[in-house]
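Asker: Sequence and predicted structure are below.
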Amino acid sequence: MPRLTHQLPSYRLHRASYQAVVTLGGRDYYLGEFNSPESRTEYDRLIQEWLVNNRRRTAARPPGDQNISSIVINELVTAYWDFALGYYVKNGQPTRELQALKYSFKPMVDVYGTTMVDSFGPTYLKAVRRYMVDQGLCRSLVNRRINRIRRIFKWGVENELVKSSTLEALRAVAPLKRGRCNVRESDPVKPVSEALVQAIEPYVSRQVWAMIQLQLLTAMRPGEVIQMRRGDIDMTAAVWIYRPESHKTEHHGIERCIYLGPQAQKVIMPFLNRDDDVYLFSPMEADRERRDKLSAARKTPLSCGNCPGTHCSDHPKRKPGFLYDVNSYGRAINYASDRAFPWPKLIGRKAGQLTAEELVEFKAWKKAHHWHPHQLRHNAATYLRKQFGIEAARLILGHKSVAVTEIYAEQDRQKAADIIAKVG
């Protein structure tokens with residue numbers, strides 16, 4: 001019978017020396033006289049270190065030895081990745097942080113993968129940062145990725161793979177400051193105009209349109225609206241309360257309550273005819289409704305051409321799931337925006353056929369006519385602040401600090417202008 005992966009390395013007798021021995025990571029550790037209390041204690045100590053180090057043996061070294069790192073960057077990243085796969089998990093699913101870690105580590109691994117860990121100093125880190133800047137990344141994203149790289153070294157210090165002096169040296173690299181470096185700044189997230197939102201209604205499914213309406217009415221995050229289930233909604237009072245299964249700040253111990261008023265209740269009412277543990281908005285259901293609609297509108301008799309369902313691939317590249325994720329929700333809006341606002345010069349052509357000047361115009365057109373679902377939260381925050389004040393907006397958005405709400409809620413500049421007009 002094969003050995004189970006969760007079994008611990010065994011405490012064994014080395015017959016030639018009558019010593020206890022345990023094998024960790026392909027190396028034998030001799031523990032002293034077999035079956036003695038001292039050998040059992042030493043076995044327990046080594047096993048605990050091995051488990052804490054994610055089932056990898058620790059380097060044998062005397063206490064206080066400062067020459068810790070004998071590994072290269074690739075080995076450190078691999079060890080950290082094994083840890084991250086088990087750490088960045090929510091409700092049994094990997095979080096988006098894993099993808100962000102991949103993007104952050106790639107430049108360092110590509111250039112300095114075979115460099116010894118203790119040789120990786122501030123100059124190397126700034127070289128990796130320059131590589132990111134040359135890729136056209138904005139300042140805030142570059143700073144976040146550099147912080148993730150430092151996070152690896154911090155984890156390495158914690159697990160005795162990196163010297164603390166190496167981490168302290170990397171911490172001395174200051175972040176890129178706004179206006180003091182030649183790096184592109186990111187555009188602030190703004191509310192989307194009502195005209196752009198209404199224009200895509202004919203080109204999205206009823207599921208996607210319902211999610212859009214709910215975000216505008218409740219200031220939900222995209223990640224909260226996509227996972228709505230009947231069982232997560234308390235319908236006992238006049239105002240329903242939706243408590244998401246998971247949300248952005250749950251690891252801080254914060255409870256998220258989203259209030260659903262009469263208009264929001266009317267939006268989700270058609271989707272409540274399902275079990276408590278079934279997601280309200282399903283791309284699989286949307287795809288089936290789309291196909292049924294196309295089938296009902298066909299002009300070719302059923303005796304001619306393809307019958308419904310006969311021309312579907314058995315192994316499609318992208319298969320609709322039981323619920324949307326943030327990316328698929330955004331893609332649906334992006335696709336609808338393309339149809340609602342086609343660039344006139346692109347009609348009958350492909351993007352690859354555009355000249356350099358036309359490509360610049362095309363990107364500017366898309367930037368002016370496309371938007372993403374997170375902007376809807378800014379719409380709701382701005383409206384709430386204007387109508388009910390910043391404190392009301394903070395409560396509904398679920399922020400602990402008014403300063404965070406300020407980021408989401410556009411200031412009512414017209415009100416300020418009216419006051420100044422009266423003051424003189």
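Answerer: Great, that's in hand.
Asker: Just the element for the closest residue to Phe281 other than its chain neighbours, please.
Answerer: Of all residues not flanking Phe281 in the chain, Gln207 sits nearest, at 4.3 Å (CB to CB, 6 or more residues apart in numbering). For the C-beta atoms, the positions are set from N, CA and C on the backbone; glycine is no exception. Here Gln207, judged by DSSP states H and E, is contained in helix 206-218.
Asker: neighbouring contacts of that helix?
Answerer: 197, 201, 204, 220, 222, 225-226, 228, 242, 258-261, 263-264, 267-268, 270-271, 280-283, 285-286, 289, 324, 329, 332-333, 336, 373, 376-377, 379-380, 396 (CB atoms under 8 Å, 6 or more residues apart in numbering).
Asker: sorry, back to before: what's the neighbour count on the residue nearest to Phe281?
Answerer: 25 (other CB atoms under 10 Å).
Asker: With Arg148 instead?
Answerer: With other CB under 10 Å as criterion, Arg148 counts 17.
Asker: Surely it touches Lys102?
Answerer: No: between Arg148 and Lys102 there is no contact under CB atoms under 8 Å: 9.9 Å.
Asker: for the helix holding Gln207, which positions count as buried?
Answerer: Buried residues in helix 206-218, counted by 16 or more other CB atoms under 10 Å: 207-218.
Asker: Save these as a markdown table, and put in pLDDT too.
Answerer: Shown next, in a markdown table, are those (pLDDT from 0 to 100):
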| residue | pLDDT |
| --- | --- |
| Gln207 | 93 |
| Val208 | 94 |
| Trp209 | 95 |
| Ala210 | 94 |
| Met211 | 94 |
| Ile212 | 94 |
| Gln213 | 94 |
| Leu214 | 94 |
| Gln215 | 93 |
| Leu216 | 91 |
| Leu217 | 90 |
| Thr218 | 88 |
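Asker: any idea how far the nearest residue to Tyr103 once chain neighbours are set aside is from Thr166?
Answerer: Residue nearest to Tyr103 in three dimensions, not counting chain neighbours: Arg145, with 6.7 Å by CB to CB, 6+ apart. To Thr166, Arg145 is 19 Å away according to CB to CB, to the nearest Å.
Asker: try Thr382
Answerer: Taking CB to CB, one finds Thr382 at 46 Å from Thr166.
Asker: what comes up buried for the one helix or strand Tyr335 maps to?
Answerer: Taking DSSP H and E as the definition, one finds Tyr335 inside helix 326-340. Judged by neighbour count using 16+ other CB under 10 Å, the buried positions of helix 326-340 are 326, 329-330, 332-333, 336-338, 340.
Asker: and if you look at stretch 162-177?
Answerer: Judged by neighbour count using 16+ other CB under 10 Å, the buried positions of stretch 162-177 are 162-163, 166-167, 169-170, 173, 176.
Asker: How about stretch 235-244?
Answerer: 240, 242, 244.
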